[in-house]
Structure formats: C-alpha cells, structure tokens
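Novice: Build me a structure from this.
(one chain, ligands or ions: 2)
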Amino acid sequence: MNVYDSHRMADTLAPAGFVETARPEDADLVILNTCHIREKAAEKVYSEIGRIREMKEAAARDGRHMVIAVAGCVAQAEGKEIIRRAGTVDLVVGSQNYHRLPDMIARAESGEKIVDTEFPVEDKFDVLAAPKHDAIAKRGISAFVTVQEGCDKFCTFCVVPYTRGAEVSRPVEKIVAEVERLTEAGVREVTLIGQNVNAYHGLGPDGRPSTLGKLLRRLAEVRGLLRLRYTTSHPRDMNADLVAAHAELAKLMPYVHLPVQTGSDRILAAMNRKHTRRDYLDVVARLRAGRADLAFTSDFIVGFPGETEADFRQTLTLVEEVGYAGAFSFMYSARPGTPAAEMTDPVPEGEKSDRLQRLQAVITRYQRSFNAGCAGRTIDVLLEKPGRLAGQIVGRSPYLQAVQVMAPARLIGSVRRVTVTEVGSNSLFGVLADETSTPALVTAGA
Ligand code: SAM
Ligand code: SF4
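Specialist: Ligands and ions are numbered 1, 2, ... in the order given. The predicted model follows:
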C-alpha cells in the first residue's frame, strides 16, 4: 500500500514541477513514507531522518533548501512528536492527507513547520492526481491499485485501525476507470490492495454495495488486462462469492495470501481474530475444492503475550496441515495504544527468537517443497522485465514465484508457456515451451 501511495504522491506533485530522482542528495524534497506496524520499522524512520539531515545540511551549504517530509503511518501515529524528536523535519503528513501535499509543501518551502494528521471529510482518492502514461510505463507492467483502506477488525496486536482509520471502500466504477487507464498504458497485471481487501464493499454502478468477487469479475472484462491478484485477506471475509470467483476466473491467479497469525485457538481468541483454527482450515478447504492448484501464503506472529510452548506447537502443525507455499513470520512487537500492549504476560525475547527460528525452518521446508514440485512442469509466466544476464527476462509464475527465462525482450508484457528446468533458492529457471531449442539456461549466481 505504501508503494501505491508513494506513486500517487509523485503523481500529485508532478504538476508542481517535481520529478523523481534516484539520488536523495539532489532532491529539493524528500518524503519518507513510513510503516508503524512493528517497533523496528517505526524506529528505522529516525535513523533515516539522521542520514537525510546530513544531506539537507550539505544542500544548505550550497544555498539550497531541502524540505523533509514524513508521511505514512508513523506520521499518523506520532504527529508533532516527530518534529519534536527530529527538528530537521519540515512536514508531517498522515496517510489520509496526501492530496493536500502541494499546498503544504509550498508553505514548508517558506520555512513553516506543518503537521497534518487529521482524518479529512473529503475523499483523498477523488483529489489525488492520476498518473500520466509515461509514469505508468516507467513503473512496469504490474501495478497495485488500492480498493479498500482502513480496518474495523481491531485485532488486539494491530495499529492499523488507529493509523489508517475505519474501513472505507472505493466505488467500483472509479476502480474500473483506474485499471482501464493502467492497461491502456501497458499494465498487464493488477494487484488489488487493502488492509482487509476481501471486506471490500464499494458501491456498484447500481448504487448498491458490491463485493470483492463481483469487482474481480468486472475487472476480468477489462481489455488488455491479463492477470488479477488481491491482498491482504482476512479469513472471516472469504465469502462464497469470492471462493466461486477463484473457480471461475481464469485471469484470477491461483494464489491467496491468507494471514492466520497463530494455530492456537486460545491465542486466536486473545488476538481477537474472530475465527478458530477449524474455521481457517475450512476456508482453505473450500477454496481448494473450487481450484485444486491454489497456493497459500500467510502471516504469523510468534510470542504473543501468554503464548506457551504448546500454543506455539499448534502453529507448527498448522503450517504442516496447510502446506504453505511461503509465509511471513514476525516476533510479536508491542504497539502503543493497542490492547495487547497492556497484557501482563510477555514472552521472553530469547523464547520469541527461538520460536521464530523454528517456525521459519518449517516454513522454508514447505516453501522448498512447493518450489521443487514445479520442476519439469510447464507453467504460464508473465514476462516482466530484463533479468540480470543479457538475454534473460524475469517473469512471475501464477504462484508469484520469480522465473528467469532466456527470451527476446519483445515478449515482455506477454504470458508465455515456460518449462521449469531448475529450481533455485529464490527463483525458478525455465525455457520457453514453444522454443525448446533455446540454448540451455545460464544459471550463474543462482
Ligand atoms: N490485515 C491483515 C490481516 O488481517 O492479517 C494484516 C495486516 S498487517 C499490515 C501485516 C502483518 O503484520 C500481520 O498479518 C501480522 O502478522 C503483522 N503484525 C501486525 N501487527 C504486529 C505486531 N504488533 N507485532 C508483530 N507483527 C505484527
Ligand atoms: Fe490489523 Fe488485519 Fe487485524 Fe485489521 S484484520 S486489525 S489490519 S491484523
């Protein structure tokens, strides 16, 4: 979501003459788009600000005023505390106010310190500028589109309901128009984004609330669009309509990121996840019944307050039961203002890191076995961009694995049948199935 937001900020600032630079020291404006989900991510912001302050001081010696802005969820959560802790910051902008950036930056350029973290009444999506064709083309053939923001679930560990606010869905027609504009400029794959994307209920053209399943069906009709994905889903919102969409839509990729957090019912209840282990496994089974080759990934938290060794083992057995194609796993991090931060039975740090290592070992084992299962198979690959080696193109399998294949650059943006000849630790290697005479793969450095 921050990638999408950063693009929209750049698009909104383009009419004021701003262009992106790869060298921050050359910039007149640096925006740090931040994440508050775990303490580590939030603290990183201050070390980054320290680094950029030196660039600002060097710019000042050359007579240039560099504006430093902090955006995103740390800005939303900490507000003016950021300027108190780091006086070099000129502007703090919360995640709902990016459409006001041009005005705020003009004021910051004349020396004013600005903090804007209120939740505005106007819809930022109506005001944020649409990207120009050349900006879309530069960003590649796969794009994110935010369809839903915020969350009403209030899991006890999570800051999202406080930093991104209440759940809001964008209307169907606005999303369709955005996807059409992207595909006209060459985008071939769209990932619909939301903190709780399958809770999507934006207004349809008939003025009634839609569903994610209906939205996906509508988007599957967009000419030129080859692939659809969505993330992140909540198990409770995986309704029959969305399950059916997976069985029916060829453009919808057979890959679902479905965070579970823990395999223990006791901890699921303490997390206020509002589902049990059995509910989760039933959702997985329903999805697989409609589309047998579905790959699942997930998010896990280890060391939630009160988690015992027996609870943790339930998480390990859940990984084995589902057989994930991959997963993100984190040590629990207490976030200020959340109910879990007040819980009095923390798991010792050493225990947490030990559990994380054990969990990651099991996840890696399943991920490797999923990847190994692709060897020798012929799969559809969307060719995305030039690879590291001359003549090599990197693409994505339906299951989001990176696939390296020797192919002419003119094929970028198309889906090709690729036979997987080798499985590396981070990517698959393959040859175009209709050109099996292509010379053997170069796998140096794999
Ligand atoms: N909405 C998604 C869901 O329901 O699972 C997740 C959104 S959150 C941005 C991404 C992931 O960060 C979560 O799934 C969780 O695993 C992790 N996370 C959130 N809060 C955390 C915390 N306090 N400590 C550790 N990990 C956390
Ligand atoms: Fe956070 Fe996801 Fe729970 Fe919402 S559903 S509170 S975003 S973890």
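Novice: use CA for all of it now, contacts and neighbours both
Specialist: Noted.
Novice: Just list the residues touching A27, thanks.
Specialist: 21, 66 (CA atoms under 8 Å, 6 or more residues apart in numbering).
Novice: and the stretch 1-150 of the chain, which of its residues are near ligand 1?
Specialist: Within the stretch 1-150 of the chain, the positions near ligand 1 by CA under 6 Å from any ligand atom are 37-38.
Novice: and with 8 Å instead?
Specialist: Proximity of the stretch 1-150 of the chain to ligand 1 (CA under 8 Å from any ligand atom) is limited to residues 37-39.
Novice: Columns pLDDT on top of the residues you listed, output as a markdown table?
Specialist: Compiled in a markdown table, these are given as follows (pLDDT from 0 to 100):
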| residue | pLDDT |
| --- | --- |
| I37 | 91 |
| R38 | 91 |
| E39 | 90 |
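Novice: and these, which are buried?
Specialist: 37-38 (16 or more other CA atoms under 10 Å).
Novice: tell me, which of the residues of the stretch 1-150 of the chain next to ligand 1 make contact with ligand 2?
Specialist: Among these, no residue lies close to ligand 2 (CA under 8 Å from any ligand atom).
Novice: got the residues of the stretch 1-150 of the chain next to ligand 1 as CSV, with secondary structure columns?
Specialist: Shown next, in CSV, are these (DSSP: H, G, I helix; E, B strand; the rest coil):
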residue, secondary structure
I37, coil
R38, coil
E39, helix
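Novice: Ligand 2: which of the residues of the stretch 1-150 of the chain next to ligand 1 is nearest?
Specialist: Taking CA to the nearest ligand atom as the measure, ligand 2 sits nearest to I37 out of these, at 8.7 Å.
Novice: Surely the closest one touches P161?
Specialist: No: assessed by CA atoms under 8 Å, I37 is found out of contact with P161, at 11.0 Å.
Novice: re the thing from before, could the residues of the stretch 1-150 of the chain next to ligand 1 go into a markdown table alongside distance to I267?
Specialist: Below are these laid out as a markdown table (distance: CA to CA, whole Å):
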| residue | distance to I267 |
| --- | --- |
| I37 | 19 |
| R38 | 19 |
| E39 | 21 |
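Novice: which residues touch the residue in the stretch 251-400 of the chain that ligand 2 sits nearest to?
Specialist: When scored by CA to the nearest ligand atom, the stretch 251-400 of the chain has R273 as its residue closest to ligand 2, at 6.7 Å. Residues near R273 by CA under 8 Å, 6+ apart: 153, 155.
Novice: Give the helix, strand or coil label for it.
Specialist: coil.
Novice: Would you mind measuring from Y255 to A295?
Specialist: Y255 sits 5 Å away from A295, going by CA to CA, to the nearest Å.
Novice: Write out the residues of this structure neighbouring ligand 2.
Specialist: For the chain, the contact set with ligand 2 under CA under 8 Å from any ligand atom comprises 150-161, 195-196, 232, 234, 273.
Novice: Show the buried residues in these.
Specialist: 150-151, 153-161, 195-196, 232, 234, 273.
Novice: what's the most distant pair in these?
Specialist: T156 and T232 (17.9 Å; CA to CA).
Novice: Tell me how confident the model is about stretch 344-362, as a mean pLDDT.
Specialist: Averaged over stretch 344-362, pLDDT sits at 97.
Novice: low pLDDT regions in the stretch 151-300 of the chain?
Specialist: Along the stretch 151-300 of the chain, the model assigns pLDDT under 70 to no residue.
Novice: so where do the helices sit in it?
Specialist: Assigned by DSSP state H, counting those that start in this stretch, the stretch 151-300 of the chain shows helices spanning 160-163, 172-184, 212-219, 240-248, 265-270, 277-290.
Novice: same for the longest one, what does it pack against?
Specialist: The one in question is helix 277-290. When contacts are defined as 3 or more CA pairs under 8 Å, 6 or more residues apart in numbering; DSSP states H and E, helix 277-290 sits against helix 240-248.
Novice: for the helix it packs on, packing partners?
Specialist: Helix 240-248 packs on helix 212-219, helix 277-290, going by 3+ CA pairs under 8 Å, 6+ apart.
Novice: Nearest to ligand 1, out of those helices?
Specialist: Closest among the helices and strands packed on helix 240-248, once you apply CA to the nearest ligand atom, is helix 277-290, at 12.2 Å.
Novice: buried sites along that closest one?
Specialist: Buried residues in helix 277-290, counted by 16+ other CA under 10 Å: 277, 280-281, 283-284, 286-288.
Novice: send the alpha carbons of that helix over as CSV?
Specialist: Output of helix 277-290 as CSV, limited to C-alpha atoms (Å, rounded to 0.1, in the frame of the first residue of the first chain):
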residue,chain,number,x,y,z
ARG,A,277,-8.2,-22.9,13.6
ARG,A,278,-11.0,-25.1,12.3
ASP,A,279,-12.8,-22.0,10.6
TYR,A,280,-9.5,-21.2,8.9
LEU,A,281,-8.9,-24.8,7.7
ASP,A,282,-12.4,-24.9,6.4
VAL,A,283,-11.8,-21.7,4.4
VAL,A,284,-8.7,-23.3,2.9
ALA,A,285,-10.6,-26.5,2.1
ARG,A,286,-13.5,-24.6,0.4
LEU,A,287,-11.0,-22.6,-1.8
ARG,A,288,-9.1,-25.7,-2.7
ALA,A,289,-12.4,-27.5,-3.6
GLY,A,290,-13.0,-24.9,-6.2
